[in-house]
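Undergrad: model the structure of this input:
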Amino acid sequence: MKYIATIDDKTYEIEVNSECEITLDGKSFSIDFLPIASPSIISLLLDGQSFEAHVNPTDAGWEVFLLGQRYLVTVEDERQQRLREVSSVQAAHREAFQLKAPMPGLVVAVPIKEGEQVEQGANLVVLESMKMQNELKAPRDGEVIGVRVKPGDNVDQEQVLVILD
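TA: This is a model prediction of the structure:
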């Protein structure tokens, strides 16, 4: 699985090759890490060098204290990045917004109904794909003018699920 980590506006691509090896921006590293003392203190061996990091979740991602420095880190996998990119591209247009399925899957929930006003970030559809549930959110404020699916529906990639005005 590939992950995209952002630290201070710099992006890194991380691929987990095995429990003890990763590839960071095309370069392989041997790793070993485990929580010590509490879940927020991590012992990390990176190519034989030892590090201790304090890692705490935040609303925006992770706060990491390493070697006396504080870093704000966001991490998303390839699927999350694709969902975010699709949402932001579609949100740039002010015409009616069509929420389309970013991948084939099963509709688990549709917590909105036609005529309802929603705010940016509101859950529109919960889609299950490859045993993972993905919350598809409103890219902007608007009125729901069409709901094209219901829980239990199987959908194809690019199928219109919800329309916002």
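Undergrad: thought I42 was touching L34, still the case?
TA: Yes - in this structure, L34 is within contact of I42 by Cβ atoms under 8 Å, at 7.2 Å. For glycine as for every other residue, the C-beta is placed from the backbone atoms N, C-alpha and C.
Undergrad: who's more crowded, these two?
TA: Per other Cβ atoms under 10 Å, whichever of L34 and I42 has more neighbours is I42, with 18 against 8.
Undergrad: contacts for stretch 53-73, please.
TA: 5-8, 40-42, 44, 51, 74-75 (Cβ atoms under 8 Å, 6 or more residues apart in numbering).
Undergrad: how long is that stretch end to end?
TA: Terminal residues of stretch 53-73 lie 13 Å apart, using Cα to Cα, to the nearest Å.
Undergrad: in it, which residues are buried?
TA: 53, 55, 61-62, 64, 73 (16 or more other Cβ atoms under 10 Å).
Undergrad: next step: the residues you listed restricted to strands.
TA: Of the buried residues of stretch 53-73, the ones assigned to strands by DSSP state E are 53, 55, 61-62, 64, 73.
Undergrad: following element in sequence after the least confident helix or strand in the chain by mean pLDDT, please.
TA: Every helix and strand of the chain was ranked by mean pLDDT, DSSP states H and E. The lowest is helix 78-91, at a mean of 65. Using DSSP states H and E, the helix or strand that follows helix 78-91 towards the C-terminus is strand 97-100.
Undergrad: which helices and strands sit right next to that following strand?
TA: helix 78-91, strand 160-164 (3 or more Cβ pairs under 8 Å, 6 or more residues apart in numbering; DSSP states H and E).
Undergrad: at 10 Å what do you get?
TA: Secondary-structure packing of strand 97-100 (3 or more Cβ pairs under 10 Å, 6 or more residues apart in numbering; DSSP states H and E): helix 78-91, strand 123-129, strand 132-137, strand 142-147, strand 160-164.
Undergrad: understood, closing this out.
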